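Participant: Build me a model:
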Amino acid sequence: MSLQDTADLAALAYKGLVNALVRILRRESSNTGLVSLDIRQLALHPEATARVVTDVVRRRFLLATEDVPSSEPEFAYGDDRILIPRV
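Facilitator: Down below sits the predicted model:
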(Lines give C-alpha, C1' and ligand atoms only; values in the text may rest on other atoms or scores of the structure.)
Protein backbone atom coordinates (compact mmCIF):
# COMPACT_ATOMS: atom_id res chain seq x y z
CA MET A 1 0.00 0.00 0.00
CA SER A 2 1.41 3.37 -0.98
CA LEU A 3 0.09 6.77 0.12
CA GLN A 4 1.29 10.05 -1.34
CA ASP A 5 1.11 13.54 0.13
CA THR A 6 -1.08 16.16 -1.45
CA ALA A 7 -1.99 19.77 -0.75
CA ASP A 8 -5.64 18.71 -0.24
CA LEU A 9 -6.36 18.66 3.50
CA ALA A 10 -9.23 16.18 3.17
CA ALA A 11 -6.98 13.76 1.28
CA LEU A 12 -4.33 14.09 4.01
CA ALA A 13 -6.96 13.22 6.62
CA TYR A 14 -7.94 10.11 4.63
CA LYS A 15 -4.27 9.19 4.37
CA GLY A 16 -4.04 9.25 8.17
CA LEU A 17 -7.13 7.05 8.46
CA VAL A 18 -5.74 4.54 5.97
CA ASN A 19 -2.43 4.39 7.86
CA ALA A 20 -4.30 3.78 11.11
CA LEU A 21 -6.46 1.07 9.52
CA VAL A 22 -3.40 -0.73 8.14
CA ARG A 23 -1.76 -0.63 11.59
CA ILE A 24 -4.90 -2.07 13.21
CA LEU A 25 -5.21 -4.82 10.59
CA ARG A 26 -1.54 -5.66 11.00
CA ARG A 27 -1.88 -5.85 14.78
CA GLU A 28 -5.10 -7.88 14.78
CA SER A 29 -3.89 -10.40 12.23
CA SER A 30 -0.17 -10.98 12.24
CA ASN A 31 -0.42 -13.07 9.07
CA THR A 32 -1.58 -10.26 6.77
CA GLY A 33 1.83 -9.33 5.39
CA LEU A 34 0.62 -5.75 4.93
CA VAL A 35 3.40 -3.28 4.25
CA SER A 36 2.77 0.45 4.07
CA LEU A 37 4.72 3.17 2.32
CA ASP A 38 4.00 6.78 3.25
CA ILE A 39 5.30 9.10 0.53
CA ARG A 40 5.87 12.39 2.31
CA GLN A 41 6.58 14.47 -0.77
CA LEU A 42 4.14 16.14 -3.09
CA ALA A 43 3.45 14.54 -6.48
CA LEU A 44 6.44 12.45 -7.38
CA HIS A 45 6.76 11.67 -11.07
CA PRO A 46 5.21 8.22 -11.78
CA GLU A 47 8.63 6.73 -12.63
CA ALA A 48 10.10 8.07 -9.36
CA THR A 49 7.17 6.62 -7.42
CA ALA A 50 7.70 3.25 -9.13
CA ARG A 51 11.40 3.30 -8.16
CA VAL A 52 10.55 4.00 -4.51
CA VAL A 53 7.91 1.26 -4.38
CA THR A 54 10.32 -1.20 -6.05
CA ASP A 55 13.04 -0.33 -3.53
CA VAL A 56 10.66 -0.95 -0.60
CA VAL A 57 9.52 -4.28 -2.08
CA ARG A 58 13.15 -5.31 -2.51
CA ARG A 59 14.02 -4.33 1.08
CA ARG A 60 10.97 -5.99 2.60
CA PHE A 61 10.52 -9.14 0.56
CA LEU A 62 13.85 -9.74 -1.10
CA LEU A 63 17.32 -8.99 0.19
CA ALA A 64 18.20 -6.05 2.41
CA THR A 65 21.72 -4.77 3.01
CA GLU A 66 22.45 -7.62 5.42
CA ASP A 67 21.33 -10.20 2.83
CA VAL A 68 18.23 -10.78 4.96
CA PRO A 69 14.79 -9.38 4.09
CA SER A 70 13.68 -6.59 6.42
CA SER A 71 10.94 -7.49 8.89
CA GLU A 72 9.82 -3.85 9.01
CA PRO A 73 6.17 -3.44 7.93
CA GLU A 74 6.19 0.38 7.67
CA PHE A 75 8.24 2.63 5.45
CA ALA A 76 8.19 6.34 4.68
CA TYR A 77 9.76 8.27 1.82
CA GLY A 78 10.76 11.88 2.38
CA ASP A 79 13.64 14.17 1.46
CA ASP A 80 14.63 11.64 -1.21
CA ARG A 81 15.29 8.91 1.40
CA ILE A 82 13.47 5.77 2.49
CA LEU A 83 12.92 5.88 6.23
CA ILE A 84 11.38 3.75 8.95
CA PRO A 85 8.84 6.01 10.69
CA ARG A 86 9.64 5.62 14.37
CA VAL A 87 10.07 8.02 17.24
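
Participant: which SSE is the residue nearest the centre of the chain in?
Facilitator: What sits nearest the mean C-alpha location of the chain, by CA atoms, centre = their mean, is Leu37, with 0.8 Å. When elements are defined using DSSP states H and E, Leu37 is found to belong to strand 36-42.

Participant: Same check on Ser70?
Facilitator: Using DSSP H and E, Ser70 falls within no helix or strand.

Participant: Just the pLDDT for it.
Facilitator: Listed pLDDT for Ser70 reads 76.

Participant: What's the separation between it and Phe61?
Facilitator: Per CB to CB, to the nearest Å, Ser70 is found 9 Å from Phe61. Bear in mind the C-beta positions are built from the backbone N, C-alpha and C, glycine included.

Participant: out of these two, which sits in the more crowded spot?
Facilitator: Ser70 (18 against 12; other CB atoms under 10 Å).
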